[in-house]
Structures are given as C-alpha cells and as structure tokens.
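Engineer: Below are the sequence and a predicted model for it; my questions follow.
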Amino acid sequence: MKRTTDTNREELKVETHANGQTRSEMRVEETLATGERTHVGHKTKVITITAVVALAASAVFLWWLFGTGRGGAGRPVPAPRTISTEQPGAPSPAAVTTTEPTLMISPDVAARAGVKIEQVGEQLGGPDAGSPQATGVVQANTYHSTPVVSLVGGIVRGVNAELGQAVSRGQTLAVVSSDELAMAQSKYLTALAELEEHEKHHRRTTELVEIGAASREELEQATTKMKTAESEVASERQRLLLLGLTPQRIGSLRSPSQISSEVSLPAPVAGMVISRAANPGEVIEANKELLRVADLSSVWVIGQVYEQDLANIRVGSGASITSNAYPGKVFRGRISYVDPQLDPATRTAQVRIELSNPGQMLKIGMYVGVAFATLGGSETTSPTIPAAAVQQIGSQQVVFVASSDPNVFVMRPVRVGPESNGRLTVLEGLTVGERIVTDGSFMLRAEWLKLHPSGAEGAGGHQH
C-alpha cells in the first residue's frame, strides 16, 4: 500500500487504542507516505535548477554571439568595395577601396609608358555662367613698388642690377660720382673745424671768468658762437645723409683725404628690379630715378568692366583670374578699388583686383581673363583636363585616376565638352584637384584592352 487517504488514517487511529501492534503498522505507513512526498519535492527542485541553468547558458551564448561582434546576424554588414581587374594571381592593392574598375601595372611598364600625373585643373565658366566677365592686365602692386633715386647729379659709375633680378634690401644697385657730394663733405669738415675752434675758445673764456680775467659778456658771446657752430655741423651732416652717405661714413669723416665723390645707391626694399633707366657713364641730374624695385609676391590686375555689370561688383568681393600661359590654373583675389569714372569711349570702368602671386607666375603686362563673384554668390568655374588624358574604350570616354598605390589606377568614365587649346572641360566624372594620368594614358588603355578584349567590358564600373 503506497498511498494512505485521510479516511484510512482515521481508521488506523481508532485501532491504535485497541491494539498496540496495529499502531506500529500505522506509523510505518505514515513514514512511507512522508517519504514519497519528500522524494517528489526533490525532483521538483532538480527540474527547477536545471531550467535556470539552461536559461543562463542561453543568455551567455546570445551575449557572446551579438556583444563580441563575432556573429553577423542582426547587424548591417557592408558589401565588399574592392573590385580590381588585375591579372589572375596578382596581389590586390589594399589601398584601393573603390567600386570602380582598377588596373594594376608593374613599375617597369609604368616607366616604359612614361606615366605623368597631373591634378585636375580649373577654368572659369563661359559667358553664360552668370558671373560678370572681363579682361585685364597684370600690374605691379604700386604700394609695394619703390624707386631708386639719385639725390645728386653726376656721372653713373656703375649699375649692379639687371632687369628681373631679385635683390635684397640694402644691396648696392648703382654708384654715382658727384662734385656736389664732394663739396658737401668739404663744407661738413669746415663746419667741424669751426666748431672745434669755438669749443676751445669757450673753455678758455670760462677759465678766465673764474679767475676774473674776463667778463660775463665775453662768456655769453663765446657760448653763442659755439652753439651756432654746432647747428652748422648738424645741418651739413643732415645734408650728407640726404645725399646718400651712411651715418657710419659720415662719422668716420675727419680729414680732407677721406672725401669721396662717389655715393652708393642701395635697394630700398627687397624685391625684383622691374625698370632700369641708367647705364654706366651716363650723366644724370639730381632726383633722377635710376631703377625701380617691386615686391611681386602680390600684384594688381586692372580689369575693364562694362557699365551694365558694375551693379554686381563691390569692393571686397571675390574675383578669379586665368591666363593662357597657365591653362587649368585659377588665381583668386579680391576687388580693392572700383574707379568712380567711366571711359566715355568704351563705357567701361577700371576695377583693381589684388591677389597673391605664388612663385611670381603672373608677369607684369600679362593679359588675363577675369570673372567676378556676383553679389551673394561666387564666380562660376569648372574642372578642366588635358585632352591627352581622355581615352576611348568602347562607347565611353574614360580617364585613369591615380590611387594611393603608385601601381594601381582607377578607370573612370567622364563626360567632357569640346576641346579648346588642347584642354577639355569636364562636365561629369571629375572634380578639381583629383590626380589623373596625362602622358602615358594611351599605354594604360592598351593594358586594359589586353585584359578585356571586349573593350568596353567593365568600363561602366561593374566587374564580372
């Protein structure tokens, strides 16, 4: 008997009072029933603990799967971006991460091809671009241009600078011989001698006054003569400075044997010699300009602007300068002056643009094109490349863009405008500053066609 109901327990309790042996059997049955309940409780606890451990293990597994990043489920995984068209077995350059087709060549092939890389240039937009257009002439910045002038008349003994030569401040540019300078030095020495004599006379008179051998009036007269002599020396010294002698040379002038009729003309500023108006042996007058030195790190462009465009131009607004000498190069400056008067014949006003001149690329007198920024806007420009950079593959025009790996080039389709002076305006596909292959692009095209006999395969940016 495994289970005992409540009714049976009552019956057993009655039997306990009549017979002691029966009571013992009842206790045995109660003990068995209690053991069964204890066993059932242990099984329940084991099942509960097992479920908890299973749940904890599942949580740890999920954390390991998603938290450590080793699993990919539930997270966006970027698609592979590297597509190369090198020969089978060739190593793929890790630096190239683009979906555009690429071409890898060996260094010796690149050397034979004469690959030359240039940056995509920039040019002004056409007349219909929306910004005012004008032509201009490059001039030296007048504020940074200084003449070299001889303040004395005489004979030019030497000129130590040529046109276009860069000079430093203080460098001797010319030497002039002048009788006027020699006479000024002679007068200075005479004034020095008179001052020395009056100083001695003043000292003697002072001593005589102290012993009562001279009057106060005589001392005052000696003092006045000494001060007059000091003023004369100062005046003659200043004249020598104006004539071009240095303070050191004047200070060392003590005897007639030191008088020299030659004066050196130094460069007043550092810059470039832009004009020369004297040669050795030439007789010149005082205040004649012999040379002119200009700092050409910044220049002016004087543009002629039509009357109808003046409403869109203000001092301080931007302007872009282009020159046929530097195709694909744009120089940027700012308007510093607008002439308030119009030329009655051409109905134009002069507008001055000030801009930096790196490497002194812009030369004085050079004709340039000017595009002015509109009010609240900017001048319109577009990318430009040499025509030799564009190759035809199939039905597409392409260029080869240099990558971070010198042996890997990205082939990119482009859309270009008509050719002008050997250059093409890029309508789509490139931006200013990108590095492309110019010389040698035909060889890269040949290498591409070796790997892709169908020609246009992959040119659109998809590799199979």
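Structural biologist: Cool, got the structure.
Engineer: mind checking how far Arg352 is from Ser260?
Structural biologist: 45 Å (C-beta to C-beta, to the nearest Å). Every residue, glycine included, has its C-beta placed from N, CA and C.
Engineer: ugh, wrong one, Arg415
Structural biologist: Per C-beta to C-beta, Arg415 is found 74 Å from Ser260.
Engineer: Quick check: next helix or strand after the helix or strand containing Arg157?
Structural biologist: Element membership for Arg157, per DSSP states H and E: strand 154-159. Sequence-wise, the next helix or strand downstream of strand 154-159 (DSSP H and E) is strand 166-167.
Engineer: so how far is that next one off the chain centroid?
Structural biologist: Relative to the centre of its chain, strand 166-167 is centred 25 Å away, using C-alpha atoms, centre = their mean, to the nearest Å.
Engineer: Please identify the pairing partners of it and their relative orientation?
Structural biologist: strand 271-276 (antiparallel) (DSSP bridges).
Engineer: Quick one: mean pLDDT for the helix or strand just after the partner strand?
Structural biologist: Downstream of strand 271-276, the first helix or strand assigned by DSSP H and E is strand 283-284. Strand 283-284 shows a mean pLDDT of 92.
Engineer: Please identify the buried residues of the following helix or strand past strand 283-284?
Structural biologist: Counting by DSSP H and E, the next helix or strand C-terminal to strand 283-284 is strand 288-294. Buried residues in strand 288-294, counting neighbours by 16 or more other C-beta atoms under 10 Å, are found at 288, 290-294.
Engineer: Which single one of those residues is nearest to Glu434?
Structural biologist: Ala294 (36.2 Å; C-beta to C-beta).
Engineer: which residue ranges form the helices in this protein?
Structural biologist: Applying DSSP state H to the chain gives helices spanning 6-18, 20-67, 107-113, 179-211, 216-243, 247-251, 441-451.
Engineer: chain center to the third one: distance?
Structural biologist: Using C-alpha atoms, centre = their mean, the mean C-alpha position of helix 107-113 is found 32 Å from that of the whole chain.
Engineer: outside of that helix, which residues touch it?
Structural biologist: Residues from elsewhere that reach helix 107-113 (C-beta atoms under 8 Å, 6 or more residues apart in numbering): 105, 406-407, 440, 443-444, 447.
Engineer: Worst mean pLDDT among the helices of the chain?
Structural biologist: Note on the helices of the chain: helix 6-18 shows the lowest mean pLDDT, a mean of 41.
Engineer: Return the residues in contact with Val148.
Structural biologist: With C-beta under 8 Å, 6+ apart, Val148 has these contacts: 173-174, 265, 267-268, 289-293.
Engineer: Kindly apply the preceding question to Val233 instead.
Structural biologist: 188, 191-192, 195.
Engineer: Val283: which of those is nearest?
Structural biologist: Closest to Val283, out of all of those and judged by C-beta to C-beta, is Tyr188, at 24.9 Å.
Engineer: Excluding chain neighbours, give the residue nearest to the closest one in space.
Structural biologist: In this structure, Tyr188 finds its nearest non-sequential neighbour in Glu236, 4.0 Å apart by C-beta to C-beta, 6 or more residues apart in numbering.
Engineer: Just to check, the one you found is in contact with Leu195?
Structural biologist: No. Look at Glu236 against Leu195 with C-beta atoms under 8 Å: they stay out of range, at 10.2 Å.
Engineer: which pair in the contacts of Val233 spans the largest distance?
Structural biologist: Largest separation among these by C-beta to C-beta: Tyr188 and Leu195, giving 10.6 Å.
Engineer: Go ahead and measure how far stretch 136-150 is from the middle of the chain.
Structural biologist: With C-alpha atoms, centre = their mean, you get 26 Å for stretch 136-150.
Engineer: Would you mind listing the buried residues in that stretch?
Structural biologist: 136, 138-141, 144-146, 148, 150.
Engineer: ditto for stretch 221-230
Structural biologist: Buried-residue list, stretch 221-230, by 16+ other C-beta under 10 Å: 222, 225-226, 229.
Engineer: For Gln391, which non-adjacent residue is spatially closest?
Structural biologist: Nearest to Gln391 is Arg445, by C-beta to C-beta, 6+ apart, at 4.2 Å.
Engineer: Quick one: neighbours of that neighbour, just the number.
Structural biologist: By other C-beta atoms under 10 Å, 19 other residues sit near Arg445.
Engineer: and it, what does it touch?
Structural biologist: By C-beta under 8 Å, 6+ apart, the contact list for Arg445 reads 391, 393, 398.
Engineer: Out of those residues, list just those in strands.
Structural biologist: Among these, DSSP state E puts 391, 393, 398 in strands.
Engineer: Distance of the second one relative to Leu444?
Structural biologist: According to C-beta to C-beta, Ile393 and Leu444 sit 10 Å apart.
Engineer: more neighbours, those two?
Structural biologist: Comparing Ile393 with Leu444 by neighbour count (other C-beta under 10 Å), the higher total belongs to Leu444, at 22 against 19.
Engineer: returning to that earlier point: now the contacts of Val233 as JSON lines including distance to Gln341 and neighbour count?
Structural biologist: Below are the contacts of Val233 laid out as JSON lines (distance: C-beta to C-beta, whole Å; neighbours: other C-beta atoms under 10 Å):
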{"residue": "Tyr188", "distance to Gln341": "50", "neighbour count": "22"}
{"residue": "Ala191", "distance to Gln341": "53", "neighbour count": "19"}
{"residue": "Leu192", "distance to Gln341": "56", "neighbour count": "18"}
{"residue": "Leu195", "distance to Gln341": "57", "neighbour count": "20"}
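Engineer: which among those gets closest to Val315?
Structural biologist: Out of those, the member with the shortest distance to Val315 (by C-beta to C-beta) is Tyr188, at 50.2 Å.
Engineer: got a list of what the closest one touches?
Structural biologist: So Tyr188 contacts 233, 236-237, 239-240, 250, 253 (C-beta under 8 Å, 6+ apart).
Engineer: And for the residue nearest to Tyr188, the neighbour number?
Structural biologist: Using other C-beta under 10 Å: Glu236 sits among 19 other residues.
Engineer: ditto for Arg169
Structural biologist: 12.
Engineer: and the spatially closest residue to it that is not a sequence neighbour, how far is that from Ser168?
Structural biologist: Leaving aside its chain neighbours, Arg169 sits nearest to Ala270 (4.6 Å; criterion: C-beta to C-beta, 6+ apart). Distance, Ala270 to Ser168, using C-beta to C-beta: 5 Å.
Engineer: Could you do Thr146 as well?
Structural biologist: As judged by C-beta to C-beta, Thr146 and Ser168 stand 13 Å apart.
Engineer: Could you do Ser298 as well?
Structural biologist: Relative to Ser168, and taking C-beta to C-beta, Ser298 is found at 18 Å.
Engineer: again, but for Thr135
Structural biologist: From Thr135 to Ser168 the distance is 35 Å (C-beta to C-beta).
Engineer: same thing with Gly158?
Structural biologist: From Gly158 over to Ser168 the distance is 18 Å, taken as C-beta to C-beta.
Engineer: of these two, who's got more company?
Structural biologist: Legend: neighbour count by other C-beta under 10 Å for Gly158 and Ser168, higher for Gly158 (15 against 11).
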